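>>> Sequence and predicted model, in that order:
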Amino acid sequence: MLRKSFIAATLVALALPAFPQANPEAAKLLSSDKFTVISPFPPGGPVDTLARVMAEGLTKRYGQPAVVDNAPGAAGNIGMDKVKRAKPDGHTLLLIPAGNLTINPTLMPNFPFDIAKDFAPVTMLAKAPNVLVASPSSGIKSAKDLVAQAKAKPGTLSYASPGIGSGLHLAGELFKQYTGADLLHVAYKGTGPAMNDVLGGIVPLMFTNLPAALPHLQSGKLVALGITEAQRTPVAPDIPTLAEQGIQGVNVTSWYGMLAPAGTPAVVVEQLARDAADFLSQPDVQARLKAQGMTQSTMTPAAFAKYMKEETAMWAGVIKASGIKAE
């Protein structure tokens with residue numbers, strides 16, 4: 001069931017957006033007031049980049065000031081709460097990564113939101129590929145090699161992650177479920193410390209964002225075992241996917257989305273999705289995305305809502321099967 005659900009979600013993500021024509025009513029409503037784009041994390045990084053792209057685009061399009069409000073805290077919940085409580089008129093928007101929308105609802109005890117009821121999905125904005133890497137000292141050269149070693153010597157190989165319940169931790173658990181590889185999870189507090197120990201050969205394996213790994217792959221300090229996407233990425237086209245190596249189902253992408261408060265008029269939500277697709281397609285913005293290791297990935301509000309529902313169900317199954325508990 002996990003595999004079927006995620007394949008269905010992937011097909012939705014790959015579908016071309018079919019946005020309605022620009023709506024004069026929505027344009028009038030959006031031109032009526034200033035905008036606040038909330039990023040529930042500190043400045044810097046992909047979420048902040050996307051928030052600033054949207055703020056700049058909205059200002060130019062609607063002639064109203066648009067500010068980015070960095071509202072970190074409580075693993076993103078503080079910023080999410082500000083959007084939930086905002087007036088549902090399209091002038092307060094949330095920029096947020098996948099985990100807050102599709103992992104935390106299952107992982108976090110007493111999660112304070114009902115994503116489907118408290119927010120109006122607008123669109124996915126961008127995605128960044130993930131990659132399974134190994135330390136050269138491990139002697140592991142491919143994903144098939146990893147699975148063979150893990151089965152030959154159960155419990156002797158470990159993989160690092162930025163923390164318990166992170167998308168990269170769950171990518172490892174999904175890999176274990178589909179391959180039967182017996183891997184031990186080693187949780188760190190952030191990508192940096194985890195990466196350092198893999199570079200040092202202390203932990204042999206890690207699922208990580210490709211942009212973070214790319215310099216080390218190019219220098220030979222890490223070995224790429226496979227991209228966790230359905231297709232190869234233009235960022236590093238020489239790295240094969242896990243699927244190419246016979247490992248199906250481990251299709252895990254880091255992505256970022258935009259939501260509005262529940263009750264925002266549908267015409268406004270649809271117009272904002274259309275605007276986002278337009279803003280992100282500009283050449284200068286494409287260059288900014290590339291610098292963060294991201295590519296544009298927009299869709300209609302309905303497709304985005306369906307995608308989130310499918311991915312939430314998939315991660316709920318992984319969390320339940322793995323017995324993962326939030327720290």
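Now that the structure is in, tell me what you want to look at.

>>> Now tell me what touches stretch 138-153 from outside.
132, 134, 156-157, 179-183, 201, 204-205, 223, 225-226, 242, 245-247 (CB atoms under 8 Å, 6 or more residues apart in numbering). Placement of C-beta: from N, CA and C, glycine included.

>>> buried stuff in that stretch?
Of the residues in stretch 138-153, 138, 140, 142-147, 149-150 count as buried by neighbour count, 16 or more other CB atoms under 10 Å.

>>> any idea how this structure splits into domains?
2-127+254-322, 130-245 (automatic domain parsing).

>>> Would you reformat these as a markdown table and include mean pLDDT?
What follows is the domains of the chain, written out as a markdown table (pLDDT from 0 to 100):
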| stretch | mean pLDDT |
| --- | --- |
| domain 2-127+254-322 | 88 |
| domain 130-245 | 93 |
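
>>> Distance check, the residue nearest to residue 204 when sequence neighbours are not counted against residue 192.
Among residues not flanking residue 204 along the chain, residue 138 sits closest, at 3.7 Å (CB to CB, 6 or more residues apart in numbering). The spacing between residue 138 and residue 192, counted by CB to CB, to the nearest Å, is 20 Å.

>>> again, but for residue 76
Taken as CB to CB, the span from residue 76 to residue 192 is 19 Å.

>>> what does residue 100 give?
From residue 100 to residue 192 the distance is 21 Å (CB to CB).

>>> More neighbours: which of the two?
Using other CB atoms under 10 Å as the criterion, residue 100 and residue 192 rank with residue 100 on top: 24 against 10.

>>> isn't the more buried one right up against residue 78?
No - counting by CB atoms under 8 Å, residue 100 stays clear of residue 78, with 11.4 Å between them.

>>> Quick check: neighbours shared by these two?
Contact criterion CB under 8 Å, 6+ apart; residues shared by residue 100 and residue 78: residue 40.

>>> Give the buried residues for the biggest helix by length in the chain.
What stands out as the longest helix in the chain, according to DSSP state H, is helix 301-322. Neighbour counts over helix 301-322 (16+ other CB under 10 Å) mark 301, 303-319, 322 as buried.

>>> Which strands or helices does that helix pack on?
helix 2-14, helix 98-102, helix 104-107, helix 115-118, strand 119-128, helix 167-179, helix 266-280 (3 or more CB pairs under 8 Å, 6 or more residues apart in numbering; DSSP states H and E).

>>> what's the distance between it and the middle of its chain?
Centroid displacement of helix 301-322 relative to its chain, using CA atoms, centre = their mean, to the nearest Å, is 12 Å.
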